[in-house]
Each structure stands twice: as C-alpha cells, then as structure tokens.
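S.K.: Compute the structure for the input listed below.
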Amino acid sequence: MPEIPVSREMIGKKLDKDIFSPFGGLLYQKGHLLREKDLEFLLAFKIQTISVEEESKESKGKHGTKKESSSPSPKGEQESSFIKDFRHAAKEMEKIFIRLMAGGSLSVAEIRQWLKPLVEKTEGSTGWLYSFQENSPMNYQAYHAVGTALLSVGIARSAKIPKNEWMQIGLAGLLSDLGKVKIPSSILQKKGPLTKEEWEEVRRHPIYGFELLKNVKGITEGVILSSLQHHERLDGSGYPLNLTREKIHPYAKIVAIADVIHAASSNKPYRTAFSPFQVMEQMRVEMTNQFDTGYLHTLIQSLLQLPLGTPVLLSDGRVGKILYFMPTSPLRPILDVDGDSVSLMDRKELHLEKILIEYQ
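M.R.: Numbering: from 1, shown residues only. Presented below is the predicted three-dimensional model:
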C-alpha cells in the first residue's frame, strides 16, 4: 500500500484506504478509482498524501495515460425548450456584462423579458434542476449568473416562499456577481493560483456590485443586499463584512447556496467540474455552520420530484435509472444499473454525476 502525494501521479490509481475530510466526513472509499477531478477536490480539503493499491507489472504505466470516457447520453436526447431558453438567457446576460464593462447602464425591464419565461417554467416542472449542469467554460460568468438565478428560484419554490417573490429572488441570483465587471478579465480567467493582491481584488466584487445596483430601478432591497452579502457565511467567516446569521438577508442566504453549487459544478479554466450532487452532500455534512440548513435541505429534497426511471450518470461512468428515492437521503437513491439493483446508501464510493433527461 504505497503512500503517494496528492498530485497528477495519483490519476488512474485505486485507493487502498478510505479518505476522510478534516471534519471526519467520508470523501472517498477504499477502491475508488482516482480521476483528474478528484485532485482538485482532495487539495480543497487539504489532503496531502493518500494510500493507493500496489500495481501489478502488467498494469503499471497504463493507468496514468488512460483517458476518461466521455459522458454517455440517452438515445434520442434532445434540447428542450427549457435548455434553449437557458442558453438564450446566457447570451443576453453576456451582452449585459459587455455593456456594463463599456460603461453602459442596466435595464431591469429588459432582463425581465427573458428571465420571466424561465422563472415561470420552474413551476410544475423539474427542468430547473438542469441548472446544476448547464455551463460554458468560455462564457462562464453569464452561464453562472443564469444558473444561480434558476437554482435560487428553485430553492424559493421548494421552501414555499410566496410566488410573487420568485422574480426578485431570481434577479438576486442573476445579478449577484455583477460586480465582477469591475475586475480585470486577466484575473477572472487566470488558470493558475491568484496572488494575494489578485484575490483581494476578487473579494471586492460584492462591494462593486452593491455600488452598481443601489440606484437601479425595479429591484428590491433584497436583490441589492444579495449582491453585497452572497459571500457572507452564517458563522461570520465570509466576506466582505464578516456578517453573521441574523444580519444576512434571506435572499442572500438562498443565493449563497445556489452560487456555491453552480460554481463548483461548472468547468473552469483551472479545473474540471465537480458533481453538483457530491457538492451538496459535502455542504450538508461539512458546512452546516456556514449555510442555511433549511434552504439547503429543501433543495436536496427537491430531487424527489424527479420521476422514477430518470436516467443518471454515475461517478464510475455507468448509466443507471432511478428505482426509488430514500426520503431521508435523496442524494443516494436506489438505481437499476445493467439490470442490477444498486443502492448508493450502501455504495458510498459512488455518487450521482449527472441527470440524463429531456426537460420539458
């Protein structure tokens, strides 16, 4: 059981021991096949070394060059109207970012024209759950804005927040990172680690966003405060003001959850995407002192809306279909995989990677 550093050397090897986070939560079980995306995840939890299985002579040299297979998709999978509307909204949001960077103004009335249809489609549909997965490394900020907006509305809907607030909550998510138009693209698109000065500049974007939104007509105080507070954490560990639970606006608490999940599950110039379901599981276990557990719980419970039989991609590359949801653990359903029943409650080394479904 050789012990090796957490580096690219580990890719293609199997774990010889379970890996736990510094807080005691299980990250990966013994036998897990390590992939490129696991590298960033382990480093994020400050895991420095791991134990891997001894390779046979025949297998040595092969694993490290093996490419991950592309994600399969169900036969006949097509873009739905929801996905098309999502991508149209992202294009419109990109235009807004460009306009603001050139010193132009923000029109909420214009935004409502293309955001409203998407917000309305979250009612009576599971389509908004697609927001976890829709992203573009080349147009990240716009896709992230729309994804955060729809996840925020989905949380609001699941939390039984009155429907007349959904549009403002969607705007809160959509405009939360608006302050990044004031940050040089060389910093936002940098592939390597940021310098201390660059990171300090990034951390100013909530203040920049607040300044941009505070005099805009057609938005509520909750939208403006969400821009300022969406990186605050309940325990006071966030930024820019180190606010605690009682001082953070409810909209900002919702947007904070949506922002983290969509950001972590998006491809970035410096890393590949994580599974949104794995991210939610880690937030539920490890970060209850930072995020509103009530809102997080309602988001996780919303997975129960997915129809039985929905095809999903597993973390090991196999495709299965949902047979049954455990009401207490929606992130770990029972699946039909190649005719066998697989309970993710019993297979902790596996997790849902992606929903494979046509959204209506």
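
S.K.: Any idea what Leu15 is bridged to?
M.R.: With DSSP bridges as the criterion, Leu15 is bridged to Val52.

S.K.: again with Ser329
M.R.: Judged by DSSP bridges, the bridge partners of Ser329 are Met326.

S.K.: That one reaches Met345, doesn't it?
M.R.: Yes: the pair Ser329 / Met345 is scored as a contact, 6.1 Å apart, by Cβ atoms under 8 Å. Just so you know, the C-beta spots here come from the backbone N, C-alpha and C atoms, and that holds for glycine as well.

S.K.: Next, the distance between the ends of stretch 294-309.
M.R.: Taking Cα to Cα, to the nearest Å, the first and last residues of stretch 294-309 lie 28 Å apart.

S.K.: what's that stretch in contact with?
M.R.: Stretch 294-309 has contacts (Cβ atoms under 8 Å, 6 or more residues apart in numbering) with 126, 129, 151, 154-155, 157-159, 253-254, 257, 261, 280, 283-284, 321-325, 327, 330-331, 355, 357.

S.K.: filter these to the buried ones?
M.R.: 126, 129, 151, 154-155, 157-159, 253-254, 257, 261, 280, 283-284, 322, 325, 330-331, 355, 357 (16 or more other Cβ atoms under 10 Å).

S.K.: Quick check: which element contains Ile219?
M.R.: For Ile219, there is no helix or strand it lies in under DSSP states H and E.

S.K.: count of residues packed around Met287?
M.R.: Met287 has 17 neighbours, counted by other Cβ atoms under 10 Å.

S.K.: roughly how far apart are Leu331 and Ile183?
M.R.: 34 Å (Cβ to Cβ, to the nearest Å).

S.K.: Please apply the same query to Val342.
M.R.: In terms of Cβ to Cβ, Val342 sits 44 Å off from Ile183.

S.K.: Likewise for Arg284?
M.R.: For Arg284, the distance to Ile183 equals 31 Å [Cβ to Cβ].

S.K.: try Leu241
M.R.: Leu241 is 19 Å from Ile183, by Cβ to Cβ.

S.K.: got it, and Asn135?
M.R.: In terms of Cβ to Cβ, Asn135 sits 19 Å off from Ile183.

S.K.: Could you report the pLDDT at the closest residue to Arg204 other than its chain neighbours?
M.R.: Once flanking residues are discounted, Arg204 sits nearest to Pro240: 7.0 Å by Cβ to Cβ, 6 or more residues apart in numbering. With respect to pLDDT, Pro240 scores 97.

S.K.: what residues are up against Pro240?
M.R.: By Cβ under 8 Å, 6+ apart, the neighbours of Pro240 are 203-204, 206-207, 228, 231.

S.K.: ok, so of these, who is nearest Asp292?
M.R.: His231 (14.2 Å; Cβ to Cβ).

S.K.: Helix, strand, or coil at the closest one?
M.R.: Three-state assignment for His231 (DSSP: H, G, I helix; E, B strand; the rest coil): coil.

S.K.: was I right about it contacting Pro206?
M.R.: Yes: at 5.7 Å, His231 counts as touching Pro206 under the criterion of Cβ under 8 Å.

S.K.: So between those two, which is more surrounded?
M.R.: A direct count of neighbours by other Cβ under 10 Å for His231 and Pro206 places Pro206 higher, at 26 against 21.

S.K.: Phi first, then psi, for the more buried one.
M.R.: phi -60, psi -40 (degrees, to the nearest 10).

S.K.: if you count residues, which helix in the chain comes out on top?
M.R.: Longest helix in the chain, counting residues (DSSP state H): helix 81-101.

S.K.: Which of the buried ones among the contacts of stretch 294-309 fall within strands?
M.R.: Residues of the buried ones among the contacts of stretch 294-309 located in strands (DSSP state E): 322, 325, 330-331, 355.

S.K.: after the longest helix of the chain, next one along is what?
M.R.: Next element after helix 81-101 (DSSP H and E): helix 108-121.

S.K.: show me the contacts for the residue nearest to Ala89 when sequence neighbours are not counted.
M.R.: Computed as Cβ to Cβ, 6+ apart, the closest residue to Ala89 that is not its neighbour in sequence is Val146, at 4.7 Å. Val146 makes contact with 86, 89-90, 93, 118, 131, 134, 174 under the criterion Cβ under 8 Å, 6+ apart.

S.K.: Kindly indicate which of those lies nearest Asp292.
M.R.: Among those, and counting by Cβ to Cβ, the member closest to Asp292 is Ser131, at 18.9 Å.

S.K.: tell me, how many neighbours does Trp128 end up with?
M.R.: 27.

S.K.: On the pLDDT front, check it for me.
M.R.: Here the pLDDT value assigned to Trp128 is 70.

S.K.: Same question for the one 5 residues further on.
M.R.: Predicted confidence (pLDDT) for Gln133: 69.

S.K.: Just the buried residues of the contacts of Val146.
M.R.: Buried among these by 16+ other Cβ under 10 Å: 86, 89-90, 93, 118, 131, 134, 174.
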